[in-house]
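A.B. asks: predicted structure and sequence below. I'll ask about it afterward.
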Amino acid sequence: MDQPYQPPAAELTEVPDVARGRPFRDATLLTRMAMALLLAGTAISVAAIIVYLLQNVVLDEVVAGTREYYDTPLPLLAAMIGTGLLQMLVMLASYIVIGMWLYRMSWNAHSLAGARQLTVTPRWAVLWYFIPFANLWMPFVAMRETWKASASPHDVANARSHPILPLWWILWLATGVLSWAAMQTSLTIKDVRDEIDSNVAMIASDAGNIVLSLVLLYIVGRLWRMQQDAHVRRRAVTA
């Protein structure tokens, strides 16, 4: 796998037809915030998995009759509540910041390559995630187009994508299914064994989120670096 901060192989050989009204906007701060939130989400998911495993140890003892159900250690209860709240806060912050980052990346792709080479506007690069059925494919199209425009602004149509993008999208869809399944199991708990099964589903969901976050972390860093390099080369050409 390529290093996330190495310069792209493609060289800018001519100044692209820049879309009017879309000057290049620095995305360094947004990129750092997105990467920090992805790392935080990964760490919290690891902590949540540990908490679920410890909780299942306690629940196994309840099933075996060696512990009362309401005899859960206070530190474990605090960890359960704490990780749950942190996950919700980080997830909300991630949706907002990464949404802003996606918009900025698409904006800069239009600035570098020109609107005539692209089909997805910055606004729709974000809005497609909220359109039923279309959100199963169009966000990937937007990301792939942004990547190609950033790697080769002068020839988007013939630019090569990266195999990590379909991997990211497959993981995105898979973690969505896992999260939905985990939520369904949590809503149908009737006894201790159901709670154990629900925790296992939550562990699978968190594990998927860890892998997804790490893959997206690479994409965020690499895409930002490609755009920065393309912007510097364009300025050098026009100087």
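C.D. replies: Received, thanks. All values derive from a computational prediction rather than experimental measurement.

A.B. asks: centre of the chain to the helix or strand Leu127 falls within, how far?
C.D. replies: Taking DSSP states H and E as the definition, Leu127 sits inside helix 122-127. Computed by Cα atoms, centre = their mean, to the nearest Å, the chain-centroid distance of helix 122-127 equals 15 Å.

A.B. asks: with stretch 83-92 instead?
C.D. replies: Relative to its chain's centre, stretch 83-92 lies at 15 Å (Cα atoms, centre = their mean).

A.B. asks: and what of stretch 144-157?
C.D. replies: Between the mean C-alpha position of stretch 144-157 and that of its chain there is a distance of 20 Å (Cα atoms, centre = their mean).

A.B. asks: can you check stretch 63-72 too?
C.D. replies: Using Cα atoms, centre = their mean, the distance from the centre of stretch 63-72 to the centre of the chain it belongs to is 38 Å.

A.B. asks: what's the first-to-last distance across that stretch?
C.D. replies: Stretch 63-72 has its terminal residues 13 Å apart, counting by Cα to Cα, to the nearest Å.

A.B. asks: which of the residues in that stretch are buried?
C.D. replies: Taking 16 or more other Cβ atoms under 10 Å as the neighbour-count basis, stretch 63-72 is seen to contain the buried residues Thr72. From N, CA and C alone the C-beta is placed, and that goes for glycine too.

A.B. asks: let's test this: mean pLDDT of it, rounded?
C.D. replies: The predicted model gives stretch 63-72 an average pLDDT of 92.

A.B. asks: who touches Ser198 in this structure?
C.D. replies: Contacts of Ser198 were listed using Cβ atoms under 8 Å, 6 or more residues apart in numbering, and they are Ala182, Thr185, Ser186, Ile189.

A.B. asks: repeat for Pro166
C.D. replies: Phe140.

A.B. asks: for the contacts of Ser198, which one is nearest Leu92?
C.D. replies: Distances from the contacts of Ser198 to Leu92 were compared by Cβ to Cβ; the smallest belongs to Ala182, at 17.9 Å.

A.B. asks: which parts of the strand or helix carrying that closest one are buried?
C.D. replies: Taking DSSP H and E as the definition, one finds Ala182 inside helix 164-187. Of the residues in helix 164-187, those buried by neighbour count under the rule 16+ other Cβ under 10 Å are Ile164, Leu165, Leu167, Trp168, Trp169, Leu171, Trp172, Thr175, Leu178, Ser179, Ala182, Thr185.

A.B. asks: can I assume the fourth one is in contact with Val215?
C.D. replies: Right, Trp168. Yes - applying Cβ atoms under 8 Å, one finds Trp168 in contact with Val215, separated by 5.0 Å.

A.B. asks: list residues touching both of those two?
C.D. replies: Where contact means Cβ under 8 Å, 6+ apart, no residue is in contact with each of Trp168 and Val215.

A.B. asks: Asn199 and Gln55 touch, don't they?
C.D. replies: Yes - at 5.9 Å, Asn199 counts as touching Gln55 under the criterion of Cβ under 8 Å.

A.B. asks: just give me the closest of the buried residues of helix 164-187 to Ala151.
C.D. replies: Proximity to Ala151 was ranked across these by Cβ to Cβ; first place goes to Leu165, at 11.2 Å.
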